[in-house]
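1. Fold the stuff below for me.
(chains A and B)
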There are 2 protein chains.
Amino acid sequence: MSHTERDTKQIIVDTAERFFRDIGYQKTTVADIAKSLRMSPANVYRFFDSKKSINEAVLERYKREQEEAIAAIAAEDRPAAERLHDILATSFRLNVARFAGHARMQEMVCAAMEESWDAILAHIERFDAVLRRVVAEGVASGEFRPVDPAHATGCIRTAMIRFMHPLLISQCECIPGPSPDELIAFVLSALEARPKAN
Amino acid sequence: MSHTERDTKQIIVDTAERFFRDIGYQKTTVADIAKSLRMSPANVYRFFDSKKSINEAVLERYKREQEEAIAAIAAEDRPAAERLHDILATSFRLNVARFAGHARMQEMVCAAMEESWDAILAHIERFDAVLRRVVAEGVASGEFRPVDPAHATGCIRTAMIRFMHPLLISQCECIPGPSPDELIAFVLSALEARPKAN
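-> Okay, here's the model as predicted:
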């Protein structure tokens, strides 16, 4: 892809994002996006085969931003429990900033859940890979009990779903319960190394 | 309320349940329920002030069934961790049996989430009360570490939401992760008493 083509692709994603946020994913058409760029729809289709693919590209950006933020935390030279805490707290914070209370943004996520499940699974797998690495390091150093890192990662992500899933953050707001920090602390205590009894 | 009135109320709830399951909550009217009982709508309204109240009575039955099942487990003379496991596993099993894959049943829950939030909160509070009692007993016996039972209960319920919430059980089916038993074991390990280090 040439430099200009990359730019064009980027501009299409920027424009689509604006439409999805302002008008909503369902109401936006590829023709709307093309028209506002003074392009033909056929030209947009040269870059994206469907509106679904454009939505995937928009959401991909948010996911990459989150993945880069948590990978940076994972690479820090700090206790594994601290890094896990910050990874989970940062994921929550970014999801709140993007999605909480934004019906249009949540519509994009709903559409992806119906149309782009593979992209969501790929994101979950990359999220898990970062958690898994930190869990494995905590086990290796003796900071955590000797759990299987892949299994523990699935448990941590599932136990935190109320604060990790872009839609549940808003949907569960009226259910009483712990704060994100409190739940993170509780979940991490499941990993703590247990000194041997006397 | 006389014996006959209690029977009539019961029959209205039975009939409504059948309509909600077969036709759907949204499509059912109080007139439909009354007609199939050869009653006037006004007679139904003597017992329930709205369709929402009838839905609450239908869901109340399911909730009572679950609450009685878990209260019986809580009262057993067994280690607290075993009882907590069985309470969570039983709640999951009853919710699966009722709601998983049943779009009409899930519609009733959705309606309650929009119209009957107080009834849902009351159910959560009764669920929590059972968990809290078992957590407190586990703390008192030294089986669990000295957590605050109310706080730990909120954490357990929130960490298990993927397997406790009637709608999430189906919605999260395609997300990879632990089985209910695996997540329960992970969550309960957060409560385990830690022997003092030497």
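
2. In contact with the residue nearest to the spatial centre of chain A, which residues are there?
-> If you average the C-alpha coordinates of chain A and look for the closest C-alpha using CA atoms, centre = their mean, you land on A:Lys63, 4.4 Å from that point. Counting by CB atoms under 8 Å, 6 or more residues apart in numbering or on different chains, A:Lys63 touches A:His123, A:Arg126. C-betas here are computed from N, CA, C, even on glycine.

3. ok, now with 6 Å
-> A:His123 (CB atoms under 6 Å, 6 or more residues apart in numbering or on different chains).

4. so where does it fall, helix or strand?
-> Counting by DSSP states H and E, the element that carries A:Lys63 is helix A:51-74.

5. Can you check what angle separates the helix or strand following that helix from helix A:51-74?
-> On the C-terminal side of helix A:51-74, the nearest following helix or strand under DSSP H and E is helix A:80-99. If you take axes from the mean of the first three to the mean of the last three CA atoms, to 10 degrees, helix A:80-99 sits at 150 degrees to helix A:51-74.

6. Could you point out the helix or strand that follows helix A:80-99?
-> Tracing the chain past helix A:80-99, the next element assigned as helix or strand by DSSP H and E is helix A:103-115.

7. Give me every residue in chain A lying close to chain B.
-> Counting by CB under 6 Å from any CB of the partner chain, the residues of chain A close to chain B are A:154-155, A:158-159, A:161-162, A:177-178, A:183, A:186, A:189-190, A:194-195, A:197.

8. Flag whichever of the residues you listed scores worst on pLDDT.
-> Per-residue confidence over these reaches its minimum at A:Ala197, where pLDDT is 56.

9. Report the helix or strand with the lowest average pLDDT across chain A.
-> Counting by mean pLDDT, DSSP states H and E, the weakest-scoring helix or strand in chain A turns out to be helix A:168-171, with a mean of 89.

10. so the helix holding A:Lys63 versus helix A:103-115, what angle?
-> 100 degrees.

11. Can you tell me how far A:Arg98 is from A:Phe186?
-> Distance of A:Arg98 to A:Phe186, given as CB to CB, to the nearest Å: 25 Å.

12. Can you spell out the domain ranges of chain A, please?
-> Dividing chain A into domains by automatic domain parsing, as the record does, gives the ranges A:1-49, A:51-189.

13. okay if I get those as a markdown table plus distance to B:Arg78?
-> As requested, the domains of chain A are exported to a markdown table (distance: least, CB to CB, whole Å):
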| stretch | distance to B:Arg78 |
| --- | --- |
| domain A:1-49 | 51 |
| domain A:51-189 | 23 |
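
14. Can you tell me which of those is most buried?
-> For these, ranked by mean neighbour count under the definition mean count of other CB atoms under 10 Å in any protein chain shown, the leader is domain A:51-189 at a mean of 18.

15. where in chain A is pLDDT low?
-> The model of chain A has pLDDT under 70 over residues A:196-198.

16. can we see that at 80?
-> Counting by pLDDT under 80, chain A has low-confidence residues at A:1-3, A:195-198.

17. Spatially nearest residue to A:Glu137, not counting backbone neighbours?
-> In this structure, A:Glu137 finds its nearest non-sequential neighbour in A:Ala80, 5.3 Å apart by CB to CB, 6 or more residues apart in numbering or on different chains.

18. what do you get for A:Val44?
-> Counting by CB to CB, 6+ apart, A:Ala34 is the residue found nearest to A:Val44 once chain neighbours are left out, at 4.7 Å.

19. now that neighbour, what's its secondary structure?
-> Three-state call for A:Ala34 (DSSP: H, G, I helix; E, B strand; the rest coil): helix.

20. Then A:Cys174?
-> A:Cys174 falls in the coil class when you classify it by three-state DSSP.

21. so how far is A:Glu173 from the closest residue to it other than its chain neighbours?
-> For A:Cys174, the nearest residue in space outside its immediate sequence neighbours is B:Trp117; the separation is 6.4 Å by CB to CB, 6+ apart. Counting by CB to CB, the gap from B:Trp117 to A:Glu173 is 11 Å.

22. Please apply the same query to A:Asp49.
-> For A:Asp49, the distance to A:Glu173 under the criterion CB to CB works out to 37 Å.

23. Just to check, A:Leu188 is in contact with A:Ala81?
-> Yes: in this structure, A:Leu188 is within contact of A:Ala81 by CB atoms under 6 Å, at 5.4 Å.

24. How about A:Pro166: what's its closest non-neighbour residue?
-> Distances taken as CB to CB, 6+ apart place A:Phe99 nearest to A:Pro166, at 4.1 Å, with adjacent residues excluded.

25. next one: A:Phe47
-> Residue nearest to A:Phe47 in three dimensions, not counting chain neighbours: A:Lys9, with 4.8 Å by CB to CB, 6+ apart.

26. what angle separates the helix or strand harbouring that neighbour from helix A:51-74?
-> Element membership for A:Lys9, per DSSP H and E: helix A:3-22. On the basis of the same axes, to 10 degrees, helix A:3-22 is oriented at 100 degrees to helix A:51-74.

27. Identify the residues contacting helix A:3-22?
-> Contact partners of helix A:3-22, identified using CB under 6 Å, 6+ apart, comprise A:Thr28, A:Asp32, A:Ile33, A:Ser36, A:Leu37, A:Val44, A:Phe47, A:Ile54, A:Ala57, A:Val58, A:Arg104, A:Met108.

28. Lovely, talk soon.
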